[in-house]
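>>> Quick one, what's the 3D model for this:
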Amino acid sequence: MAEPKKSVARIPVPPRAQPKVEVSEHGDTGQTEPRREGDALPGVHMLMSNLVEAKRDPWLVPLIGLLLAFSVISLIVQLLMAFS
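Predicted coordinates for the structure are as follows:
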């Protein structure tokens, strides 16, 4: 007798929350606590969390590929002419 098929597991994912920017009471006067060796630099987590994908021209990769292909073909032709 065949086993009944199991359905695909669905995991609910909460929407991405926007990080709140914390305002420091001391401003940019410096750190109040000494840095420990394993700590990250201040502000690193905030910079990495707000990444925005840059808009890229869709023709950029194909044009670079064509340029690379023609340069390789040109190099082969030059080598054939030099050693013939």
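
>>> Every contact and neighbour count from this point should use C-alpha atoms.
Fine.

>>> Now stretch 3-23: average pLDDT?
Stretch 3-23 carries an average pLDDT of 78.

>>> How about stretch 72-84?
Mean predicted lDDT for stretch 72-84 stands at 96.

>>> What lies in contact with it?
Applying C-alpha atoms under 8 Å, 6 or more residues apart in numbering, stretch 72-84 has no contact partners.

>>> could I have that stretch exported to PDB, CA atoms only?
What follows is stretch 72-84, C-alpha atoms only, in PDB (Å, rounded to 0.1, in the frame of the first residue of the first chain):
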ATOM      1  CA  VAL A  72      40.500  37.100 -27.300                       C
ATOM      2  CA  ILE A  73      39.800  36.600 -31.000                       C
ATOM      3  CA  SER A  74      42.000  39.500 -31.900                       C
ATOM      4  CA  LEU A  75      44.800  38.100 -29.700                       C
ATOM      5  CA  ILE A  76      44.500  34.700 -31.400                       C
ATOM      6  CA  VAL A  77      44.600  36.300 -34.900                       C
ATOM      7  CA  GLN A  78      47.700  38.400 -33.900                       C
ATOM      8  CA  LEU A  79      49.500  35.300 -32.600                       C
ATOM      9  CA  LEU A  80      48.600  33.400 -35.800                       C
ATOM     10  CA  MET A  81      50.000  36.200 -38.000                       C
ATOM     11  CA  ALA A  82      53.100  36.600 -35.900                       C
ATOM     12  CA  PHE A  83      54.100  32.900 -36.000                       C
ATOM     13  CA  SER A  84      53.100  32.100 -39.600                       C
END
